[in-house]
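> Dropping a prediction and its sequence here:
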Amino acid sequence: MKPARKSNVVREEWPKIVKIVLNGNLRWQVDARPSGRREICKSEIEAIRRANALAKTKLEQGTAAVTMPPQLRAMAIECHEKLAVWGKTLRDATAYYIASMEDARLREESHLMQFCLKEWLTVREEEHKRKDISDATLRETKSMRKIFANAFGNINVRAVNRQHVETFLGSVEKGPRTRNNYRVKLGTFFNFARNKGWIDHNPAAGIKVRIPDEEVVVLSVEEAHSLIKAASDFPLALPYLVISLFAGLRPYEAQALDWSNVFLKTRQIRVLAATSKTRETRYVPINDTLLAWLTPLAKGKSGPVIGPVPGYFRNAWEGLRASLGYCIDGKNVEERSEQGEIIKEQGPEWPPDCLRHTFASYWLPIHHSRSELAEIMGNSESVIRKHYRRAVPANVAQSYWKILPKKRR
């Protein structure tokens, strides 16, 4: 009987180790098949270490890590060395590339800005039908939609970034307050787009427009009187004018006011939350001067204070200011001689919110209460203190409140 042949198997479990003779030399073969390949080691200790490393890699990272082709392994090492210079790993690079490809895919599939802006306007129109927003807010939304569509219309909404927004704002050839208003409205639109799931973040968020501190513009008593006198030729503008001058409502609050919210018996004007900047209803007192003006104007009236057709009011309001030489939105009504020469020089710009500022500036010297004025105007006391620091002599203020309608004989 022949003696049993000595086995050359050093390790039975995967990866198997077998002693072999190669070119007359004893070697140890690490066999990682079928998921890997065979490797030759010069010593049993080297073979055992290599087999243990392969087994550990497979346990921790799966079969794919063991079966990586040499070319792919070499590429991984090369890329790892290049990324190490920047303190990044292959995993960082992979995550960044996949995110970029996913973002590119989403951009290709996303809507154009012109579509999104149209949807935004549609929602605002529905809110207007429910009386959640005022006529003025809807008009502004329509205007902004056109402006933004001209600037961004053919860009995918996901492609718009902070640089796009900053470039657009920098191109606006108007004052800082107008640019800031555009910024705010763009932010509102992009919040709408984010809520719709069209974008992940608001590209207008965090952008600031510096507005220099300016003294508020207050009409003199003579200028206020001239405005009211000239309004006799523009009767549609008169109720809005006296309510703004003697109650201090914001322009869009006065334009959205309905006669049903003017209570002459209790001497109050109700400013509804839907038309208020603070989104809170407030009651503004009707003083003696305003009562004298509103009593004849309100007689038999119903519906909007500015009349049923906003366009007619806007024409009357622009015509009134232009008749006194004011330039409206950069436009001036020019008077020419028969020879075509300009007789009338370009007039001054109409100061924003000057009617409201005029009210506050002449109210404070009479009543001496910033907190009460803040309540009337729907502002904080700090805003009142900031804007209305300039003193107006009491006797001048008293003459302002004596601007009264002529008594009918």
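Okay, I see it. Residues are numbered from 1 along each chain as shown.
> all strands of the chain, in order?
Using DSSP state E, the strands assigned to the chain run over residues 9-11, 16-22, 25-31, 38-41, 262-263, 268-271, 282-285.
> okay, these in CSV with mean pLDDT next?
Below are the strands of the chain laid out as CSV (pLDDT from 0 to 100):
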stretch, mean pLDDT
strand 9-11, 90
strand 16-22, 92
strand 25-31, 93
strand 38-41, 92
strand 262-263, 96
strand 268-271, 95
strand 282-285, 95
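> Pipe the ones you listed into a markdown table and attach distance to residue 253 and mean neighbour count per row.
Any C-beta I mention is one placed from the backbone N, CA and C, and that applies to glycine too. Putting the strands of the chain into a markdown table (distance: least, C-beta to C-beta, whole Å; neighbours: other C-beta atoms under 10 Å) gives the following:
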| stretch | distance to residue 253 | mean neighbour count |
| --- | --- | --- |
| strand 9-11 | 88 | 15 |
| strand 16-22 | 87 | 14 |
| strand 25-31 | 85 | 17 |
| strand 38-41 | 84 | 15 |
| strand 262-263 | 13 | 18 |
| strand 268-271 | 5 | 20 |
| strand 282-285 | 9 | 17 |
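> Rebuild those strands as a markdown table, extending it with distance to residue 189.
Listed next are those as a markdown table, based on distance: least, C-beta to C-beta, whole Å:
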| stretch | distance to residue 189 |
| --- | --- |
| strand 9-11 | 68 |
| strand 16-22 | 67 |
| strand 25-31 | 64 |
| strand 38-41 | 63 |
| strand 262-263 | 34 |
| strand 268-271 | 26 |
| strand 282-285 | 28 |
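> Nearest approach to residue 158 belongs to which of these?
Closest to residue 158 of these is strand 268-271 (C-beta to C-beta; 39.7 Å).
> starting at the chain centroid, how far to the closest one?
Centroid separation between strand 268-271 and its chain, computed with C-alpha atoms, centre = their mean, to the nearest Å, is 30 Å.
> Residues contacting that strand, please?
Strand 268-271 has contacts (C-beta atoms under 8 Å, 6 or more residues apart in numbering) with 243, 247, 249, 253, 257, 261-263, 281-286, 378.
> Select, out of the strands of the chain, the one closest to residue 121.
Closest to residue 121 of the strands of the chain, according to C-beta to C-beta: strand 268-271, at 25.8 Å.
> Could you list the paired strands of the closest one along with their orientation?
strand 262-263 (antiparallel), strand 282-285 (antiparallel) (DSSP bridges).
> so what pLDDT did residue 201 get?
Listed pLDDT for residue 201 reads 89.
> Relative to residue 114, how far out is it?
21 Å (C-beta to C-beta, to the nearest Å).
> The two: which is more packed in?
residue 114 (17 against 11; other C-beta atoms under 10 Å).
> mind listing what that one touches?
By C-beta under 8 Å, 6+ apart, the neighbours of residue 114 are 149, 153, 154.
> what separates stretch 192-206 from the chain centre, distance-wise?
That offset, for stretch 192-206, works out to 9 Å (C-alpha atoms, centre = their mean).
> gap between the two ends of that stretch?
Its start and end residues considered, stretch 192-206 measures 17 Å (C-alpha to C-alpha, to the nearest Å).
> Just the buried positions in that stretch, please.
Using 16 or more other C-beta atoms under 10 Å as the test for burial, stretch 192-206 gives 192, 193, 194, 198, 199, 202, 203, 204.
> What are the contacting residues of that stretch?
110-111, 116, 119-120, 123, 157-158, 160-162, 164-165, 183, 186-187, 190-191.
> And stretch 89-97, by the same measure?
So stretch 89-97 is contacted by 76, 79, 80, 83 (C-beta under 8 Å, 6+ apart).
> what do you get for stretch 35-47?
So stretch 35-47 is in contact with 10, 15, 17, 19, 22, 27-32, 50, 54, 58, 63, 66-67, going by C-beta under 8 Å, 6+ apart.
> Spatially nearest residue to residue 351 (excluding sequence neighbours)?
residue 217 (3.6 Å; C-beta to C-beta, 6 or more residues apart in numbering).
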